[in-house]
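> Dropping the sequence and predicted coords here.
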Amino acid sequence: MKLYTFIDHGVERIGAEAADGGMVDLAAASGDAAYFSSMQAMIEGGREALAHAYRSGRATQERNPHPGWVKDRGSDPASPQTPWMLDVREARATVSRRRRTPARSWRTGSRGSLQGKAEGTQSRQLPPPGWYETPGYYLMDVDCIVGTDTLVSWPAYSDWIDYELEIVAVIGRGGKDIARENAYEHIFGYTLVNDLSARDAQLKAMATGLGPAKGKDFDGSNVMGPCIVTADEIPDPYALSAHVLVNGERWSSSDGQEAQFRFDQCIAYASQAQTIRPGEMISTGTLPSCSSLELVRTVRRGDVIDFDVQQIGTLRTRIS
């Protein structure tokens, strides 16, 4: 089931996609606002809420038109909400390509290309101990999350715009010290995030040995959506084909098969001695070739970035 958070007449609603492309307002269709007052409430409702959603969706489509029917799926998307979100180490191939990319004073060459004389290079040192043994992560700022098709105002302190296509697991059942073999039972569904990066600011911040700081944290820097697809429809999130398009031109294609750490490992690691809760999110890190840095290309203000991922849909970001 594809689940959407949208705004209808100023009120946030939860919708489920119908077979003909319409959408069912689950609270209106079921007459039960408890489960469907918000996406977080539905996630916390667990299997019972999901079963209720399936029943309501089927009943509404059979009786179309119905008070719960939203024919126009173009209703304004609302920003997804999560209490906590972590971003895990990228795939080995992604890390390798980035480490070979020089730190430059970039200037724009032909459309979409980067030119410039290297002014030093990123560290050529081998990864530190534990790099490939531990699913290290950093916490993403959940106050910077916005919905699909949002116009993001690029920060004035940055001239290096970059995107990162990542698949996100939404936790449906909490727990502590979760065994790896049981980890997938704790996933409610999957969505996408464009983890925007002010690369110039990020390089400066990470030279301190701490986190990416203002390279990642600015209003609208985490664009999420377009929906949450329930886990029962995606048996292997790492097998989904993914494409990046900039202004309609395909820049790259990828999947998650090269992921250094998978969701079961990440959930087991993150839950060690710490309780994780419904609604919290874990990202794969950037899929291989799914950042412009790896492609040695550049994104400009005014560009439109689309992430088109099999079974999930298209996440759009507009840069101003």
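Yes, it's here.

> so how far is the helix or strand harbouring residue 191 off the chain centroid?
Taking DSSP states H and E as the definition, residue 191 sits inside strand 187-195. Put simply, strand 187-195 sits 5 Å off its chain's centre (CA atoms, centre = their mean, to the nearest Å).

> after that strand comes which helix or strand?
Once the chain leaves strand 187-195, the next helix or strand it forms, by DSSP H and E, is strand 197-198.

> now that following strand: how far from the chain's centre is it?
The chain centroid and the centroid of strand 197-198 are separated by 15 Å under CA atoms, centre = their mean.

> Please shift the residue numbers so they start at 424 in all later answers.
OK, 424 is where the count begins now, so the last one is strand 620-621.

> Buried residues of the helix or strand following that strand, list them for me.
Going down the chain from strand 620-621, the next helix or strand is helix 622-629, by DSSP H and E. Buried residues in helix 622-629, counted by 16 or more other CB atoms under 10 Å: 622, 623, 624, 625, 628. C-betas here are computed from N, CA, C, even on glycine.

> Dig out what the residue nearest the centre of the chain forms beta bridges with.
Residue closest to the average C-alpha location in the chain (CA atoms, centre = their mean): residue 616, at 1.9 Å. Bridge pairing for residue 616 (DSSP bridges) gives the partners residue 589, residue 647.

> That one reaches residue 592, doesn't it?
No: Residue 616 is beyond contact range of residue 592, at 11.0 Å (criterion: CB atoms under 8 Å).

> which neighbours do those two share?
Common contact partners of residue 616 and residue 592 (CB atoms under 8 Å, 6 or more residues apart in numbering): residue 706.

> Quick one: the helices in the stretch 624-743 of the chain, in order.
Remark: helices assigned in the stretch 624-743 of the chain by DSSP state H, counting those that start in this stretch are 686-693, 715-718.

> Between these, which one is closest to residue 477.
Using CB to CB as the measure, helix 686-693 is the one of the helices of the stretch 624-743 of the chain that comes nearest residue 477, at 23.5 Å.

> tell me the angle of the closest one relative to strand 610-618?
Interaxial angle, helix 686-693 versus strand 610-618 (axes from the mean of the first three to the mean of the last three CA atoms, to 10 degrees): 90 degrees.

> ok, residues contacting helix 686-693?
By CB under 8 Å, 6+ apart, helix 686-693 touches 509, 511, 557-558, 560, 592, 594, 601-604, 606-607, 609-610, 660, 684, 699, 705, 707.

> Buried members of the residues you listed into PyMOL, please.
Burial among these is assessed by 16+ other CB under 10 Å; the matching PyMOL selection reads:
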select buried, resi 509+511+558+560+592+594+601+606+609+610+660+684+699+705+707
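
> what comes into contact with the longest helix belonging to the chain?
If you go by DSSP state H, the chain has its longest helix at helix 469-485. Here helix 469-485 makes contact (CB under 8 Å, 6+ apart) with 424, 426, 439, 441-442, 447, 449, 452-453, 455, 458-459, 464-466, 468, 489, 491-492, 595-596, 653, 701.

> show me what contacts residue 726?
By CB under 8 Å, 6+ apart, the contact list for residue 726 reads 584, 669, 670, 741, 742.

> Sorry, wrong one. I was asking about residue 460.
Counting by CB under 8 Å, 6+ apart, residue 460 makes contact with 437, 450.

> Residue 510 - how many residues pack around it?
Counted with other CB atoms under 10 Å, residues neighbouring residue 510 total 24.

> Same question for residue 445.
When neighbours are counted by other CB under 10 Å, residue 445 registers 18.

> how about it, phi and psi?
When read as degrees, to the nearest 10, the backbone of residue 445 gives phi -70, psi -170.

> how close does residue 458 sit to residue 436?
13 Å (CB to CB, to the nearest Å).

> hang on, residue 716 packs against residue 621?
No: in this structure, residue 716 is not within contact of residue 621 by CB under 8 Å, at 11.8 Å.

> neighbour count winner among those two?
Using other CB under 10 Å, the more surrounded residue of residue 716 and residue 621 is residue 621, with 25 against 20.

> Relative to residue 728, which of the buried residues of helix 622-629 is nearest.
Nearest to residue 728 among the buried residues of helix 622-629, counting by CB to CB, is residue 622 at 14.7 Å.

> circling back: can you turn the buried part of the contacts of helix 469-485 into a PyMOL selection?
Selection of buried members from the contacts of helix 469-485 for PyMOL, criterion 16+ other CB under 10 Å:
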select buried, resi 424+426+439+441+447+449+452+453+455+458+459+464+465+466+468+491+492+595+596+653+701
